[in-house]
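>>> Below: sequence and its predicted model.
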Amino acid sequence: MPTILQQQDPVLRKKSKEVDLSEITSPEIKNIITEMKAALATQNDGIAIAAPQIGYSLRIFLVSGSVLKLADKKYKDDESDMIFINPVISKLSREKQEVEEGCLSIRWKYGMIKRAMKVSIEAYDEHGKLVKRGASGLLAQVFQHECDHLDGVLFIDKAHDIKEVPPEKHVTTG
């Protein structure tokens, strides 16, 4: 079972490498995505995970469709996981909002962070197909958080009012 690395691990502070397009459908990348899904599945409050969080300095993140649906009642897509390889945020809205954020690599710490309310992202899916997608609300926040991970940035670098909320006091949505 892959371990989710914690903030002291140097891989979390590195800018991740792009995945060569010819490698997207390779067994190695498929295995990494499988490990990411397995690691995320061990966390009942995790919505998404980036490859660096399990030790791979590659530009890949995934969003759990089922957890996103639980956390955001407006989310209408199917419950399948969304895979983003070599993601680029192509557009950020001018409107920003203060939102609470946490991270599976900075367990039980939460803080307030200013995030764009809407984003557009371009990435490749696990089949090597270019995907362009817009997002608002929680999904927009997730995209920004995960892209930060791929640049070696943790939410605590941008957040304020950081508090520790132990698991027994943490309430998950759903």
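The structure has been received and is ready for your questions.

>>> What backbone torsions are found at the closest residue to Gln6 other than its chain neighbours?
Closest residue to Gln6 apart from its sequence neighbours, by C-beta to C-beta, 6 or more residues apart in numbering: Ser105 at 5.6 Å. For the C-beta atoms, the positions are set from N, CA and C on the backbone; glycine is no exception. With angles defined as degrees, to the nearest 10, Ser105 sits at phi -100, psi 0.

>>> Quick check, Ser105 in contact with Ile4.
Yes: here Ser105 reaches Ile4: they are 6.2 Å apart, a contact under C-beta atoms under 8 Å.

>>> Just give me the residue closest to the centre of the chain.
Nearest to the geometric centre of the chain sits Glu146, at 3.4 Å (C-alpha atoms, centre = their mean).

>>> residue contacts, it?
When contacts are counted by C-beta atoms under 8 Å, 6 or more residues apart in numbering, Glu146 touches 48-50, 61, 63, 84, 87.

>>> go with 6 Å
Shown in contact with Glu146 (C-beta atoms under 6 Å, 6 or more residues apart in numbering): 48, 50, 61.

>>> Three-state assignment for it, please.
At Glu146 the chain is in helix, as set by DSSP: H, G, I helix; E, B strand; the rest coil.

>>> Leaving out the residues flanking it, which one is nearest to it?
Nearest residue to Glu146, sequence neighbours excluded (C-beta to C-beta, 6+ apart): Phe61, at 3.9 Å.

>>> ok so, going back, if I look at Ser105 and Ile4, which residues touch both of them?
Counting by C-beta under 6 Å, 6+ apart, the common neighbours of Ser105 and Ile4 are Gln53.

>>> how about the helices of the chain, start to end?
Ranges of helices in the chain, per DSSP state H, are 27-41, 65-71, 137-150.
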